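J.: Structure for the following, please:
(one chain, ligands or ions: 1)
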Amino acid sequence: MPSSLLALLDASAQRPLAPVPLERPVAVDAVPTPALLVDRPAMERNLARMVEHLARTGTGLRPHAKMHKAPVVARRQLELGAIGICCAKVSEAEVMRAAGIERILITSPVASADKMARVAALAARSEDVRIVVDDAGAVRGLADAAEHAGTRLKVLVDLDPRMGRTGIALGQPALELVRVIADLPALEFSGLQQYAGHIMHLPDAAERRRRARDIAAAGLETRDLIIADGHPVEVFTGGGTGTFDMDCEEPGITDIQAGSYVFMDEEYGAIAQGNRSRFEFFEPALFVLVTAISRPRAGTITVDGGYKSFASDTVAPVACDLPGLRYHFAGDEHGVLQFLEGAPEVALGDRIRMVTPHCDPTINLHDWMLPVEADGMVHELWPISARGCSW
Ligand SMILES: Cc1ncc(COP(=O)(O)O)c(C=O)c1O
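T.: Alright, predicted model coming up:
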């Protein structure tokens, strides 16, 4: 066992990276709960729907792997034509690289020498690793790190669509940063990122479309300013599941970074999309299977999944197969299902599939996904190899 801090952290890249086949397939009714289930046929339909939709406009797909953190899913996305994947963090990218994935965009800036050295080292041993930047000091630091690693690092300028999370202001500040990059031989300016996370879950589809269009127009105006200054902009990347069908209609956006579309969740399911009151273009393909374990009070039943099984930052999990049951968090290991009018009977020992509230942080609570095939059996386990890699 390694004992230095970095060696211990690096050991995360030694987790299983590929699916682990089971000696004997297990029926979904027999897996221990709480279990993170993937409805494999539904996942495949979601993957295909995104590919088909983007093919209509010729927009690329650079799916965000922060959502699933599983190389097995990333590999499937690449097989289906994704131009690369996105990672939110350096450690996540390192896990994906360890799994043999070489086309990675790191979508969050770094500002410390240790991370810069890791990004440069990763780029030096990969076909195409890029990172976003939003600060001149960090740009110079990355140039030094790239020079030290003997590589030329591709960087994208991260534009802040007035979300206030990361990114540089549109217009002149962004152009000034591109000029700094252009003067550094160890860096290559390869384009722009603009991710508008603050509008992804706007419940009203028309309002979301309006905002997406305005944000794209402002970002593309900055792109034109940069091009006019003599800097080609190869990539203009952004967008997520909430605006995928809007952003792909903007001719200047080269690729979409959607993540959640693969599995979906209740947070997305609850917003309007197209002319429907719920977002149904992609279907829920990720569930936490829980078991009813106690009935201390009439009108409710307690299940074995709480804060440690479900993300609790947004809405509540939903018992999708049993309408009339409302989930309430009841602690780390427990949830209480309340029987509303017309709810079906649930007995102790019954197993209930719950749509996850927010897929990304829910997945990060689990070690494995259990893909359920069309035959209702789990044939292999999918390691969530980059689980906990948030550094
Ligand atoms: C930079 C960036 N791009 C893309 C995404 C993917 O968004 P979604 O999961 O909504 O598709 C995220 C998610 O938070 C993100 O932070």
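
J.: The closest residue to the ligand within the stretch 201-350 of the chain and Asp375, how far apart?
T.: Residue nearest to the ligand within the stretch 201-350 of the chain (C-beta to the nearest ligand atom): Gly240, separated by 2.9 Å. (C-beta placed from N, C-alpha, C; glycine too.) The gap separating Gly240 from Asp375 is 33 Å, by C-beta to C-beta, to the nearest Å.

J.: Those two - which one has more neighbours?
T.: The residue with more neighbours, out of Gly240 and Asp375, is Gly240; 23 against 10, by other C-beta atoms under 10 Å.

J.: pLDDT score for Met1?
T.: Model confidence at Met1, given as pLDDT, is 63.

J.: wait, I meant Ser12
T.: Model confidence at Ser12, expressed as pLDDT, equals 61.

J.: Please apply the same query to the one 10 residues further on.
T.: What the model reports for Leu22 is a pLDDT of 97.

J.: What is the burial count for Pro21?
T.: Residues lying near Pro21 (other C-beta under 10 Å) number 9.

J.: swap in the one 10 residues further on?
T.: Taking other C-beta under 10 Å as the neighbour definition, Val31 ends up with a count of 17.

J.: quick one: contacts for it?
T.: Val31 is in contact with Leu37, Leu289, Leu370, Val378, counting by C-beta atoms under 8 Å, 6 or more residues apart in numbering.

J.: just these now: which is nearest the ligand?
T.: Checking those against the ligand by C-beta to the nearest ligand atom gives Leu37 as the nearest, at 19.3 Å.

J.: Would you mind listing what in the stretch 251-391 of the chain touches the ligand?
T.: Gln257, Ala258, Gly259, Ser260 (C-beta under 6 Å from any ligand atom).

J.: how long is stretch 98-109 end to end?
T.: Taking C-alpha to C-alpha, to the nearest Å, the first and last residues of stretch 98-109 lie 21 Å apart.

J.: Could you do stretch 182-197 as well?
T.: Stretch 182-197 has an end-to-end distance of 28 Å (criterion: C-alpha to C-alpha).

J.: Any idea how far stretch 292-311 is from the middle of the chain?
T.: 28 Å (C-alpha atoms, centre = their mean, to the nearest Å).

J.: Same question for stretch 116-124.
T.: Chain-centre distance of stretch 116-124: 22 Å, with C-alpha atoms, centre = their mean.

J.: returning to what we had before: what's the most distant pair in the residues of the stretch 251-391 of the chain next to the ligand?
T.: Farthest apart among these by C-beta to C-beta are Gln257 and Ser260. That separation is 10.8 Å.

J.: who touches both of those two?
T.: In contact with both Gln257 and Ser260: Gly240, using C-beta under 8 Å, 6+ apart.

J.: which one is Ala121 nearest to, not counting chain neighbours?
T.: Spatial nearest neighbour of Ala121, excluding adjacent residues (C-beta to C-beta, 6 or more residues apart in numbering): Ala149 at 5.3 Å.

J.: ok, the one you found - contacts?
T.: Per C-beta under 8 Å, 6+ apart, neighbours of Ala149: Ala117, Ala120, Ala121, Ala123, Ala124.

J.: Next, format the residues you listed as JSON lines and append neighbour count.
T.: Formatted as JSON lines, the contacts of Ala149 follow (neighbours: other C-beta atoms under 10 Å):
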{"residue": "Ala117", "neighbour count": "19"}
{"residue": "Ala120", "neighbour count": "25"}
{"residue": "Ala121", "neighbour count": "19"}
{"residue": "Ala123", "neighbour count": "26"}
{"residue": "Ala124", "neighbour count": "16"}
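
J.: Inside helices: which ones of these?
T.: In helices, defined here by DSSP state H, the members of the contacts of Ala149 are Ala117, Ala120, Ala121, Ala123, Ala124.

J.: Need the nearest residue in space to the last one, chain neighbours excluded.
T.: When the adjacent residues along the chain are set aside, Ala124 lies closest to Thr151, with 4.0 Å between them (C-beta to C-beta, 6+ apart).
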